[in-house]
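In: Sequence and predicted structure below; questions after.
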Amino acid sequence: PRGFRNNNPGNIMAGNYTQGRPGFAGSDGRFARFQSMEQGVAAMDGLLGNYMRGGRRSVAQIIGRWAPSNENNTSGYVASVARAIGVDPNAALSPQHIPALRNAMIQIENGRPLPRGR
């Protein structure tokens, strides 16, 4: 999948945020590329943390920003991620939820989970 080829399993769009991240290696024309999968995962974790600090605390709020409905089946994405991590889509999350949230999002973004050990 594109996210794995780019070492960007969250399919984060290239821009100011990604350009400032360790391992940024350019763009594929839309999405950022990173030198390693670990750097792409760290960028995703950092962006999810930024969303939470900025007031987006629920799966619905986070996915609504991450995958807007003009490009995605956002309601389906929200339902799948909330179900995968076992929370109500509108429940407030804490930073401790980031790893599970990230992994569920990677599954949706790429059609398969991040390989073990990543």
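Out: All right, it came through fine.
In: From now on I want contacts and neighbour counts done on CA atoms only, so please keep to that.
Out: Noted.
In: bridging residues for Ser27?
Out: When bridges are called by DSSP bridges, Ser27 pairs up with Ala32.
In: Any figure for the gap between it and Gly64?
Out: For Ser27, the distance to Gly64 under the criterion CA to CA, to the nearest Å works out to 23 Å.
In: again, but for His97
Out: Using CA to CA, His97 is found at 17 Å from Gly64.
In: go on, Tyr77?
Out: As it turns out, when the distance is counted by CA to CA, Tyr77 lies 9 Å from Gly64.
In: Repeat that for Glu71.
Out: Note on Glu71: its distance to Gly64, by CA to CA, is 11 Å.
In: now Gln19
Out: Gln19 sits 23 Å away from Gly64 when distances are taken as CA to CA.
In: Which residue is the nearest non-sequential neighbour of Arg56?
Out: Counting by CA to CA, 6 or more residues apart in numbering, Arg56 lies nearest to Ile62, which is 5.6 Å off, once chain neighbours are set aside.
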